[in-house]
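In: Sequence and computational prediction follow.
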Amino acid sequence: MILEARDLAFGYGARAVGSGVSLTVGEGEALCLLGPNGGGKTTLFKTLLGLLRPLAGRVLLDGRDLSERPRREIAKRIAYVPQAHAAFFPFSVRDVVLMGRASRLSAFASPGPADRAAAERALATLGIGHLADRIYTEISGGERQLALIARALAGEPRLLVMDEPTASLDFGNQARVLTQVRRLSEAGIAVVLSTHDPGHAFLCADRVALLHGGRLAGLGPPAETVTPETLRLLYGVEVAVLPLPGGRAVCTPVIG
C-alpha cells in the first residue's frame, strides 16, 4: 500500500473541515474523489500531501507516518498537479517539465543528462513531445494541463495527486487528460484525483471516494458507489446514471 489515511480529521488550525476519513491507495490504482464545493476535497488533499498536519488520525506513506519523513523524501514519492497554474514567465514546455526534477537535485545543482532524459520521457509518455519547444504561456489550457502532468511525472513519483485536472477544459481536452490518467495507473503509478463530473469516475477510476460534509459517504468501485441515490446526497439534485458499454456510464441532472 502506497498511501493510507487512518481515521483522519483535517482542517485549519482548530477548525475541523472533515473527520473519520479512512482510505488506501495501492500501486497502479486510480482513486477518484467526488464531492460538492466546500466539502473538504482540497483540504483533504493538502493533508494527504503533508502540507497540513492532521487534526487527528494518521497519514502513512509506504507504512511510515508522513510526519516522520523529510519533505524532500515525500516529494520524491508524491507529485502534485494543481487545477490551475498562473504562468508569467515565457519558459519553454521542456523547461517547465524539467522543473519536475527539482526533488531529485541537491541545493544549487543544475539538471544533468539523467534529468533531461527523464523530462523527455515524460513528454513522450504524455504525447506532447511536439510541444517541447513551444512557450508554455502560449499553448492551450488542455496542453498546459498535460504539461503539468508531465512535470509531475518527470520526478518519477509513485503517486500523483491531481486536484480537478479537467477543470475549465473543453470536452476534447478532458478526454485527453482522463485517458492519460488511465494510462498512468495502468503503468503502475497510483493516482488520486478529484472531479466535479461523476461520469469521469467511470472513465478512469478503479475506486471512488464520496466526500460529504467532510466525511466519507461511500467508497468502492464506480458502478457500486456512483448511483442516483449517492449523487442526490452529495449534490442535492436528482441525477440519472445511464450505463454505457464497457462498464462506463454518463451522469446527467434530471431537470423538470
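Out: Done, it's in. Numbering: from 1, shown residues only.
In: Pick out the residue closest to the middle of this protein.
Out: By Cα atoms, centre = their mean, the chain has its centre lying nearest to residue 162, at 1.9 Å.
In: was I right about that residue contacting residue 185?
Out: No: checked against Cβ atoms under 8 Å, the pair residue 162 and residue 185 is beyond contact range at 11.3 Å. For glycine as for every other residue, the C-beta is placed from the backbone atoms N, C-alpha and C.
In: What is the burial count for residue 36?
Out: When neighbours are defined as other Cβ atoms under 10 Å, residue 36 has 15 of them.
In: One more: the one 3 residues further on?
Out: Counted by other Cβ under 10 Å, the residues lying close to residue 39 total 23.
In: Can you show me the strands along the stretch 51-200 of the chain?
Out: For the stretch 51-200 of the chain, the strands defined by DSSP state E, counting those that start in this stretch occupy 56-61, 64-65, 78-81, 159-162, 190-194.
In: Can you work out which residues contact both of residue 162 and residue 185?
Out: residue 191 (Cβ atoms under 8 Å, 6 or more residues apart in numbering).
In: part of a strand, is residue 219?
Out: Yes: secondary structure assignment places residue 219 in a strand (DSSP: H, G, I helix; E, B strand; the rest coil).
In: Going forward, the N-terminal residue is numbered 6.
Out: From this message on, residue numbering opens at 6, which makes the last subject residue 224.
In: tell me the contacts of it?
Out: 28, 212, 213, 214, 215, 230.
In: Surely the fourth one and residue 34 touch.
Out: No: Residue 214 is beyond contact range of residue 34, at 11.7 Å (criterion: Cβ under 8 Å).
In: of the two, who's got more company?
Out: Using other Cβ under 10 Å as the criterion, residue 214 and residue 34 rank with residue 214 on top: 25 against 20.
In: so where does the more buried one fall, helix or strand?
Out: Using DSSP states H and E, residue 214 falls within strand 212-217.
In: Partner strands of that strand and their direction?
Out: strand 35-39 (parallel), strand 220-225 (antiparallel) (DSSP bridges).
In: contacts for it?
Out: Contacts for strand 212-217 (Cβ under 8 Å, 6+ apart): 23, 26, 28, 34-41, 44-46, 49, 206, 221-227, 230-231, 235, 238-239.
In: Dump it to CSV, keeping only the CA atoms.
Out: Provided in CSV are the C-alpha atoms of strand 212-217 (Å, rounded to 0.1, in the frame of the first residue of the first chain):
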residue,chain,number,x,y,z
ARG,A,212,-12.5,3.1,-6.9
VAL,A,213,-14.4,6.2,-5.9
ALA,A,214,-14.5,8.0,-2.6
LEU,A,215,-17.5,10.2,-1.9
LEU,A,216,-16.9,13.1,0.5
HIS,A,217,-20.0,14.7,2.0
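In: quick check: mean pLDDT across it?
Out: Average pLDDT, strand 212-217: 97.
In: what's the angle between it and strand 195-199?
Out: 30 degrees (axes from the mean of the first three to the mean of the last three Cα atoms, to 10 degrees).
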